[in-house]
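Visitor: when you get a sec, could you give me coordinates for this:
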Amino acid sequence: PGEAKTLERNIVDAERTPPNAVEKERLLLKAADKNCYEKALLIMQMAAFQPVLMKRQHLLQEAESLLLYAESMEASLLKDVDATPKETSKGVKLPPKPRIITRTSTSLTVTNTTDTIPGFRKR
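Guide: Modelled structure (predicted):
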């Protein structure tokens, strides 16, 4: 009973509390912390609402550096995948890397390419 009243009071207080843009930006940045693409898009949107030109430029430069970092990380991951040996020491063929169908901030959908390779046998 006491917890329900506290929760209800918090909800009522939250409705009365004026929006705090700085706090909301901090929470959004914290939520997007591990996804450089999402964080860069959020920073670009934040830059649009900055009245000071120097602050806008700083935010846009930060977003650009995040996008470049994410791009380099993605390229290094793809390079690591391409660097895997195509044949094992025993002469067994390894399947090729899967094709990416869709990608979101939390999931990756791939397709198996072994069905379309002539002479490749499944185990």
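Visitor: now Thr106: phi and psi?
Guide: In terms of degrees, to the nearest 10, the main-chain angles of Thr106 are phi -120, psi 0.
Visitor: quick one: the strands in the chain?
Guide: If you assign secondary structure with DSSP state E, the strands in the chain sit at 99-103, 108-111.
Visitor: export these to TSV and tack on mean neighbour count and mean pLDDT?
Guide: C-beta coordinates here come from the backbone N, C-alpha and C atoms, glycine included. Written out in TSV, the entries for the strands of the chain read as follows (neighbours: other CB atoms under 10 Å; pLDDT from 0 to 100):
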stretch	mean neighbour count	mean pLDDT
strand 99-103	10	73
strand 108-111	11	70
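Visitor: now the top helix by length along the chain: average pLDDT?
Guide: Using DSSP state H to assign secondary structure, the helix with the most residues in the chain is helix 53-82. Confidence for helix 53-82, expressed as mean pLDDT, is 87.
Visitor: one more: stretch 20-37?
Guide: Computed over stretch 20-37, the average pLDDT equals 83.
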